[in-house]
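# Need coordinates for the following:
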Amino acid sequence: MESILKIENIEKYYGNKTNLTKAIDNISFEVQRGEFVAIMGASGSGKTTLLNCISTIDKVTSGHIRVAGEDITKLKGNKLNKFRREELGFIFQDFNLLDTLTAYENIALALSIQNVSASTIEKRIKQVANQLDIEKVLNKYPYQMSGGQKQRVASARALVTSPKLILGDEPTGALDSKSAKMLLERFEALNKELKATILMVTHDAFSASYASRVIFIKDGKIFNEVIRGDSSRKVFFNKIIDVVTILGGELNDAL
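Okay, here's the model as predicted:
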């Protein structure tokens, strides 16, 4: 299998010599093409810092992060911006849609920046809108949509450029349970049918149970991982809860 994401001995420090915090402590792992991987951990465990480093929002102190063979820790300036724009797709908890643009225009923006032709933009948007069941809201503005619809539009914006890696930062965090379940089912379908490679940080065991593998972070290190394999989602959910229990504390505290 092809490795889409390769994390090699990364460390991340914050602060100065008198007050130094090690947020990531020598983490290494890989994500293969077509995998759906969730990252879980307690608040302050380092999972968000890890995602920020992978998404190029933050920089590692040492180590390497390779996406589709490209060492992103060495990219700077326009090369970094181009890579972020063309190879990574972002799905945020708070949607990050532009209120003055329709759903169609929000999705199209990602392609317009890449100078894609109008006819190709229309074709790609129709395709991704069908996959995420948002055809009926393409001409609506964000204030006219439900939270679930907005998150699916945000997901379409991330997918429409066909990125090598899709990064989700608590993508279901602002959704009600019904909308969250619908979005996760779409993610699962996109992963299985289109072989989309997804890395999702989540505090929620239910959300993580839709992934094919879950990596647990504790105190900046990889604590454990569980692989779904042929297990049902319910069985996998129970495996996730077992690790959470080992991590200690109440479920809501640990996640």
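# How many residues are close by the closest residue in space to residue 21 that isn't next to it in sequence?
Nearest non-adjacent residue to residue 21, counting by Cβ to Cβ, 6 or more residues apart in numbering: residue 14, 4.6 Å away. C-beta: built from backbone N, CA, C; applies to glycine. Close neighbours of residue 14, defined as other Cβ atoms under 10 Å, add up to 13.
# Need the phi and psi values for residue 14.
Backbone torsions of residue 14, given as degrees, to the nearest 10, read phi -120, psi 150.
# measure it to residue 46 for me?
11 Å (Cβ to Cβ, to the nearest Å).
# got any residues that touch both of those two?
By the contact definition Cβ atoms under 8 Å, 6 or more residues apart in numbering, residue 14 and residue 46 are jointly contacted by residue 23.
# And the pLDDT for residue 250?
We have a pLDDT of 41 for residue 250.
# no, scratch that, I was asking about residue 172
So, for residue 172, pLDDT stands at 87.
# Please apply the same query to residue 158.
At residue 158, the pLDDT recorded in the model is 90.
# Am I right that it is in contact with residue 90?
Yes: at 5.7 Å, residue 158 and residue 90 qualify as touching, with contact defined as Cβ atoms under 8 Å.
# can you give me the helices for the stretch 51-200 of the chain?
Secondary structure of the stretch 51-200 of the chain (DSSP state H, counting those that start in this stretch): helices located at 77-87, 103-112, 118-132, 147-159, 177-194.
# list the buried ones in the third one?
Within helix 118-132, the residues that count as buried by 16 or more other Cβ atoms under 10 Å are 121, 124-125, 128-129, 131-132.
# For residue 75, give me its contacts.
56, 83.
# go with 10 Å
With contact set as Cβ atoms under 10 Å, 6 or more residues apart in numbering, residue 75 has these partners: 56, 67, 81-84.
# Just the buried ones out of those, please.
56, 67, 83-84.
# possible to save those residues as JSON lines with distance to residue 24 and pLDDT?
Shown next, in JSON lines, are these (distance: Cβ to Cβ, whole Å; pLDDT from 0 to 100):
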{"residue": "56", "distance to residue 24": "15", "pLDDT": "92"}
{"residue": "67", "distance to residue 24": "17", "pLDDT": "95"}
{"residue": "83", "distance to residue 24": "21", "pLDDT": "90"}
{"residue": "84", "distance to residue 24": "20", "pLDDT": "89"}
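# closest to residue 206 among the residues you listed?
Among the buried ones among the contacts of residue 75, residue 67 lies closest to residue 206 (Cβ to Cβ), at 28.1 Å.
# which ones are touching that closest one?
Residue 67 touches 3-6, 31, 54-56, 75, 83-84, 87-88, 163-165, 197, counting by Cβ under 10 Å, 6+ apart.
# Take the residues you listed and, keeping just the buried ones, write it as a PyMOL select command.
To isolate the buried ones among these in PyMOL, judged by 16+ other Cβ under 10 Å, type:
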select buried, resi 4+5+6+31+54+55+56+75+83+84+87+88+163+164+165+197
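# Which of the contacts of residue 67 fall in strands?
In strands, defined here by DSSP state E, the members of the contacts of residue 67 are 3-6, 31, 88, 165.
# Kindly reformat those as TSV containing distance to residue 179.
What follows is the ones in strands among the contacts of residue 67, written out as TSV (distance: Cβ to Cβ, whole Å):
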residue	distance to residue 179
3	33
4	28
5	28
6	33
31	26
88	24
165	24
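# farthest-separated two in those?
3 and 88, at 15.8 Å, using Cβ to Cβ across the ones in strands among the contacts of residue 67.
# Low-confidence regions, the stretch 151-255 of the chain specifically.
Counting by pLDDT under 70, the stretch 151-255 of the chain shows low-confidence ranges at 248-255.
# shared neighbours of residue 158 and residue 90, anything?
Counting by Cβ under 10 Å, 6+ apart, the residues touching both residue 158 and residue 90 are 110, 166-168, 171.
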